[in-house]
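*Asks:* structural data only, the sequence is not supplied:
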């Protein structure tokens with residue numbers, strides 16, 4: 001992703017993530033709730049500042065990281081600042097350790113050039129963080145040293161061991177993300193979604209975690225949902241307004257899901273009617289319709305429940321399969337707005 005003097009060529013994914021993590025709340029939530037390592041406790045997040053991400057190499061080529069944040073240390077020790085250098089990836093890059101070494105080297109050079117060398121007793125720590133949301137496994141080394149060939153044990157002291165922190169979105173279980181009340185967790189949940197219902201549920205949570213007062217972050221999510229997520233599920237950008245709010249997006253998704261469910265229910269009724277006609281008698285037709293609706297409705301409801309709430313107990317499955325078709329229809333509609341499994345089956 002290193003370019004020439006014109007810099008990087010970036011896609012919509014990189015642009016969206018750069019915009020997300022230009023907000024201090026996003027980098028704060030990422031480090032506290034997702035990373036959670038002990039050094040995070042020593043960071044003064046209120047002091048956060050974004051710094052220039054462009055560095056000029058000796059050959060006057062432009063090198064640019066995605067996002068860099070500067071934070072004060074809470075303990076007040078020297079040097080005062082810690083830097084978080086962020087890279088966003090949608091596919092594995094075998095050169096990542098070398099790239100990050102180049103970024104760090106040039107960034108340290110720019111820091112040294114900012115004041116006389118006598119002013120530096122120790123250089124500040126730079127922590128590289130790679131956020132990956134691709135579908136294939138990240139099979140790239142997370143440290144530079146493992147890429148370098150051996151020579152002799154006596155030469156090991158000269159091996160550089162630059163390590164970066166990998167945040168692989170695919171490794172975080174849905175249940176753990178659902179327990180977190182943060183926009184970063186909702187970002188990861190939407191990236192992992194398999195259908196419209198999962199997206200709608202996460203958008204509903206996103207509206208609660210990002211209040212209207214955080215208009216800039218809200219707008220970043222609205223743009224990303226419309227330009228990246230909706231097309232991923234087959235929605236044509238030309239048919240979706242480009243200025244939808246999170247509230248309007250949730251309503252649109254709910255209406256689309258309702259139309260989809262209505263279509264499936266209608267197909268189920270037609271199948272039940274067809275099975276009934278094959279019996280040759282009025283009683284057989286009625287029984288066939290009823291059984292067809294009940295079996296189809298139970299299967300669809302169980303699929304919806306598993307997608308939204310995860311594996312179901314045998315008691316829940318038995319209750320669904322033994323319920324009449326009309327009650328199944330009521331429960332299927334409640335799935336759209338239920339926050340807990342218990343909400344679906346309330347009296």
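*Replies:* Yep, it's here. The model shown is predicted, which means the values in this text are computed figures rather than measured ones.
*Asks:* need the strands for this protein, in chain order.
*Replies:* 43-50, 54-56, 62-64, 67-73, 81-89, 125-132, 165-168 (DSSP state E).
*Asks:* among those, which is nearest residue 325?
*Replies:* Residue 325 lies closest, by CB to CB, to one member of the strands of the chain: strand 165-168, at 43.3 Å. Every C-beta, even on glycine, is put in place using the N, C-alpha and C of the backbone.
*Asks:* for stretch 205-222, buried residues please.
*Replies:* Residues of stretch 205-222 classed as buried: 205-207, 209-210, 217-218, 220-222 (neighbour count, 16 or more other CB atoms under 10 Å).
*Asks:* with stretch 84-97 instead?
*Replies:* Buried residues in stretch 84-97, counted by 16+ other CB under 10 Å: 84-90, 93, 96-97.
*Asks:* kindly reformat the residues you listed as JSON lines containing distance to residue 69 and pLDDT.
*Replies:* Shown next, in JSON lines, are these (distance: CB to CB, whole Å; pLDDT from 0 to 100):
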{"residue": "84", "distance to residue 69": "4", "pLDDT": "96"}
{"residue": "85", "distance to residue 69": "8", "pLDDT": "95"}
{"residue": "86", "distance to residue 69": "7", "pLDDT": "94"}
{"residue": "87", "distance to residue 69": "13", "pLDDT": "94"}
{"residue": "88", "distance to residue 69": "14", "pLDDT": "93"}
{"residue": "89", "distance to residue 69": "18", "pLDDT": "92"}
{"residue": "90", "distance to residue 69": "21", "pLDDT": "89"}
{"residue": "93", "distance to residue 69": "22", "pLDDT": "94"}
{"residue": "96", "distance to residue 69": "19", "pLDDT": "95"}
{"residue": "97", "distance to residue 69": "21", "pLDDT": "95"}
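*Asks:* for those residues, work out which two are farthest apart.
*Replies:* Farthest pair in those, by CB to CB: 84 and 90, 20.1 Å.
*Asks:* contacts for stretch 307-327?
*Replies:* Residues from elsewhere that reach stretch 307-327, judged by CB atoms under 8 Å, 6 or more residues apart in numbering: 174-175, 194-195, 197-198, 201, 290, 293-294, 297-298, 301-302, 305-306, 328, 331, 335, 338, 340-341, 345.
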